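Visitor: Give me coordinates for this.
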Amino acid sequence: MRPLALRFVPLLLALAGAVGAAASPASGAGPPWGTGCMPTPAGAIRTSENCGSSLLDGRAVPPPGAPPVVRRVVAAANHIDGRPYVWGGGHLSFVSKGYDCSGAVGYALHAGGLLATTMVSGQLAAWGEPGTGRWITVYANAEHVFMVVAGLRFDTRDDWPGVSGPRWKMGMPEPKFLSRFAVRHPAGL
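Guide: You can find the predicted model right below:
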């Protein structure tokens, strides 16, 4: 018998499709909102890509075992999710009417107590520790930055037509795209 969580995936996908269609400004095409990733199996190493967060009405819901700092990062990202994309938004101050990629990632990391000053994407490529984090991973280069927090991607790219700004996403970019990024994480996370 499949684990309980796996038995509900088809139902969640069906419901998510309905939610995505209702929320999409386009013709209903879009990612399956509300499905989240699966919890880490017993004995497996937890990473930022498999931490079991889910999306509920486009907002990230961290898994029950997430550390408080991760919960603060998620709450901050939820707070600015849906704000418009503004080039340079979040660079002079963490508080802005809109955010670009580094402004959005910086805002959430700052709220978690992980970033003291604003940084552009190229600076975030050298921030923290190298490699994939257990809870948070930042992917950065001189042109773009996004992060994966407890299994969900927070990014300003790959939105529906007519939508821009920081949003939670279900999937990762293609591996060939990822190879262009420095992979960093906060120490201990």
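
Visitor: which SS class is residue 183?
Guide: Three-state call for residue 183 (DSSP: H, G, I helix; E, B strand; the rest coil): strand.

Visitor: check contacts around it.
Guide: 130, 131, 132, 137, 138, 139 (Cβ atoms under 8 Å, 6 or more residues apart in numbering). Yep, even glycine has a C-beta here, placed from its N, CA and C like the rest.

Visitor: what's across from it in the sheet?
Guide: Under DSSP bridges, the beta-bridge partners of residue 183 are residue 139.

Visitor: do the same with residue 154
Guide: residue 147, residue 168.

Visitor: burial measure for it, as a count.
Guide: 27 (other Cβ atoms under 10 Å).

Visitor: Also residue 164?
Guide: The burial count for residue 164: 16, using other Cβ under 10 Å.

Visitor: ok, for it, nearest residue in space, not its chain neighbours?
Guide: residue 85 (3.7 Å; Cβ to Cβ, 6 or more residues apart in numbering).

Visitor: follow-up on the earlier one: type out the ChimeraX command that picks the buried ones from the contacts of residue 183.
Guide: Restricted to buried positions by 16 or more other Cβ atoms under 10 Å, the ChimeraX selection for the contacts of residue 183 reads:
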select :137,138,139
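
Visitor: List the contacts of residue 168.
Guide: 55, 58, 59, 60, 77, 78, 81, 152, 153, 154.

Visitor: Take the residues you listed and keep only those in strands.
Guide: 55, 59, 60, 152, 153, 154 (DSSP state E).

Visitor: Out of the residues you listed, the closest to residue 181 would be?
Guide: residue 153 (12.1 Å; Cβ to Cβ).

Visitor: Helices along the chain, start to end?
Guide: With helices called from DSSP state H, the chain shows them at 4-7, 9-23, 68-80, 101-111, 121-124, 175-178.

Visitor: I'd guessed residue 104 sits against residue 166; true?
Guide: Yes: counting by Cβ atoms under 8 Å, residue 104 sits close enough to residue 166 to count as a contact (3.7 Å).
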